[in-house]
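1. Task: produce atomic coordinates for the following.
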Amino acid sequence: MARQAVRLHPALEFRVDDAETVEIAETFDVIILADVVGHLQDVGAAFRRLHQACTPHTRIIVAYYNYLWEPVLRLSEMLGWKMPQPKQSWLSPEDIANLLRLADFEVVKTERRLLLPIKIPFLSSFCNKVLAHVSGVRKLCLSHYVVARPRLRRLERPYSTTIVIPCRNERGNIDAALKRIPRFGGRQQIIFVDGHSSDGTPEEIRRLMACYPGKDIKLLVQDGKGKGDAVRKGFAHATGDVLMILDADLTMPPEALPTFYEALTTGKGEFINGCRLVYPMEAQAMRLLNLIGNKCFSLAFSWLLNQRIKDTLCGTKVLFRRDYERLAANRDYFGDFDPFGDFDLLFGASKLNLQIVEIPIRYQARAYGSTNIQRFAHGWLLLKMTVYGFFRLKAV
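-> Numbers count the residues shown, from 1 in each chain. Take a look at the predicted model:
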C-alpha cells in the first residue's frame, strides 16, 4: 500500500512504522489516525506517544468505523467486496474521546458521516448529505471522527490585546467604555470602528483620545455597512496577540473581558464566545421574541457545528490573531454572507476545528441610544444563514 501511495503521489513523503513504538523527531499541524485504533494493543499508550509530534496547535483526527456495521463488513469480506481485516477492538466515539482525555488531549468535536457507502445516483447524495445528519439516524453512519487537541496547562506569557468596538450612534457610551475596560494582559489597544454615525460619535471619540493619552486608542470609519464589515476592518488594523469584540452599547459589561482573556490564554478554549442566556437579565435587555429566536438558533448551530453553542449572537467573541488570520485566509470557502460578523467567525472557527467555549455574562439594558436590530428582517436573514451553513458544513 505504501509503495502504491508513493507511485501515485511522488511529491509526498510516506513512512511505514509501528504506531505504538514509533519515535518522531518533528511536529505536525494535523495528525490523522485513519482506521488504525482498532488494531492497537494499547490505544491510550499510542495516544500518549503522539505528544512528541504535537505543538499546542496540532489537531488529532481519529477516524474509525461504527461497530453496528460489523456484520455488513464481515459479509462484504466474505463476498470479496472488501479487503479482509483481523478482528478489531470495539471502540465507540465516547470510548475514543475518553482515551484521548486520559492521554492529556482535549476533544474539540465529534462527527458522524457516510450512511450509504455505495454509490447510487441521487439516493447516495440524499442519504449522506441530508439524512445522515438527522438526529437518531446519524448514529447509524458507518464512519465517525473525533477531533482533539493537546491540553495546554499554563499561560505561555502575557499577551497583548486589541479590543475592537464597532459603534453607530453610540456617543453617550464611549466615555463609559473607556473608563470601564480594565487593564489585563500585556499591551492593550482599543479600536473604535464607526458605522457613519449621525450623533457625533466620531467627534466624541477624537475628544476622548486626547483625554486618555495613556491609552492606545484608534478611530476607523468603516467602508461598508453592518457590524461584520466593522469587525473585519478593526481586526485588519489590530496589532494585539488577542482579538476581542466589545459592543459599544455596553450590554455586555466590559469588566468581564479579563475572564475571556484568561480562558483563551490558559488554553481552556481557542474561540471564546459570550453567552447571555444563563443569568437573569435586566428588564428590557432582550425582548421576548429575540430571546425565543436566540434559543432556537442556538439549538440549530449546536447541531451545525458539532459543538455546544447556547448563544450565537452575543457580541463578545475572543480569539488569537494567528487563528483569525487563518480563518480570514479561508473565508472564500463561505464567502461574504454575514452582515453581523458572528456567523462568519463561528463557521470559520468550526472549519478550523477550534475549541469553542462559552462564558456566561450578565446581559444589561442599554443606558444610551436605541438598538440597531431589526427583529423580523434580521430573523429571516439568520434563518437563511442557518440553511447556508448546513450546505457548507454538513451537506459536503
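2. which non-adjacent residue is nearest T251?
-> Q364 (5.2 Å; CB to CB, 6 or more residues apart in numbering). Using the backbone N, CA and C atoms, a C-beta is placed for each residue, glycine as well.
3. And for P280?
-> Using CB to CB, 6+ apart, the closest residue to P280 is R362 (8.0 Å).
4. can I assume the one you found is in contact with P253?
-> Yes. The criterion here is CB atoms under 8 Å, and R362 meets it with P253 at 6.5 Å.
5. The stretch 1-150 of the chain: helices as residue ranges?
-> 2-8, 43-49, 70-78, 93-102, 123-129 (DSSP state H, counting those that start in this stretch).
6. Out of these, flag the one nearest A176.
-> helix 93-102 (42.7 Å; CB to CB).
7. From the chain's centroid, how far away is the closest one?
-> Put simply, helix 93-102 sits 21 Å off its chain's centre (CA atoms, centre = their mean, to the nearest Å).
8. mean confidence score for it?
-> Taken as a whole, helix 93-102 has a mean pLDDT of 89.
9. try stretch 158-165
-> Taken as a whole, stretch 158-165 has a mean pLDDT of 96.
10. pull the CA atoms of it into PDB?
-> Output of stretch 158-165 as PDB, limited to C-alpha atoms (Å, rounded to 0.1, in the frame of the first residue of the first chain):
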ATOM      1  CA  PRO A 158       1.300  37.900  28.900                       C
ATOM      2  CA  TYR A 159      -0.400  38.500  25.600                       C
ATOM      3  CA  SER A 160      -1.100  41.900  24.100                       C
ATOM      4  CA  THR A 161      -4.800  42.600  23.300                       C
ATOM      5  CA  THR A 162      -6.800  44.500  20.700                       C
ATOM      6  CA  ILE A 163     -10.400  45.400  21.700                       C
ATOM      7  CA  VAL A 164     -12.500  46.200  18.600                       C
ATOM      8  CA  ILE A 165     -15.600  48.300  19.400                       C
END
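11. which residues touch it?
-> Applying CB atoms under 8 Å, 6 or more residues apart in numbering, the external contacts of stretch 158-165 come out as 177, 181, 184-193, 230-231, 234-235, 238-248, 257, 261, 265, 320-321.
12. can you tell me which of these are in strands?
-> Q188, Q189, I190, I191, F192, V193, V242, L243, M244, I245, F320 (DSSP state E).
13. By neighbour count, which of the residues you listed wins?
-> The most neighbours of any of the ones in strands among the contacts of stretch 158-165, using other CB atoms under 10 Å, belong to F192, which has 28 neighbours.
14. shouldn't that residue be in contact with E204?
-> No. In this structure, F192 is not within contact of E204 by CB under 8 Å, at 9.6 Å.
15. Name the residues contacting each of these two.
-> Common contacts of F192 and E204, defined by CB under 8 Å, 6+ apart, comprise I174.
16. Next, count neighbours for I60.
-> Neighbours of I60 under the rule other CB under 10 Å: 26.
17. got a list of what the closest residue to it other than its chain neighbours touches?
-> Among residues not flanking I60 along the chain, A148 sits closest, at 4.5 Å (CB to CB, 6+ apart). By CB under 8 Å, 6+ apart, the contact set of A148 is R59, I60, V62, A97, L100, F105, E106, V107, V108.
18. Tabulate those residues (a markdown table), appending distance to R138.
-> Compiled in a markdown table, those are given as follows (distance: CB to CB, whole Å):
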| residue | distance to R138 |
| --- | --- |
| R59 | 22 |
| I60 | 22 |
| V62 | 18 |
| A97 | 16 |
| L100 | 21 |
| F105 | 24 |
| E106 | 23 |
| V107 | 17 |
| V108 | 18 |
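19. ranges for the strands of this structure?
-> With DSSP E as the criterion, the chain has strands at 28-34, 54-65, 105-113, 143-150, 161-167, 188-194, 216-221, 242-245, 271-275, 317-320, 356-360.
20. Between strand 271-275 and the last one, find me the angle.
-> For strand 356-360 and strand 271-275, the angle between their directions (axes from the mean of the first three to the mean of the last three CA atoms, to 10 degrees) works out to 30 degrees.
21. Sheet-wise, list the partners of strand 356-360 with their directions.
-> strand 271-275 (parallel) (DSSP bridges).
22. now stretch 300-311, how far from the centre of its chain.
-> Centre-to-centre, stretch 300-311 and its host chain are 10 Å apart (CA atoms, centre = their mean).
23. Okay, buried residues for it please.
-> Buried residues in stretch 300-311, counted by 16 or more other CB atoms under 10 Å: A300, F301, W303, L304, L305, N306, Q307, I309, K310, D311.
24. Quick check: pLDDT value at the second one.
-> Each residue has a pLDDT score; the one for F301 is 77.
25. I'd say it and I309 touch.
-> Yes. Using CB under 8 Å, F301 is in contact with I309, at 4.6 Å.
26. Mutual contacts of the two, please.
-> Taking CB under 8 Å, 6+ apart as the criterion, F301 and I309 both touch L346.
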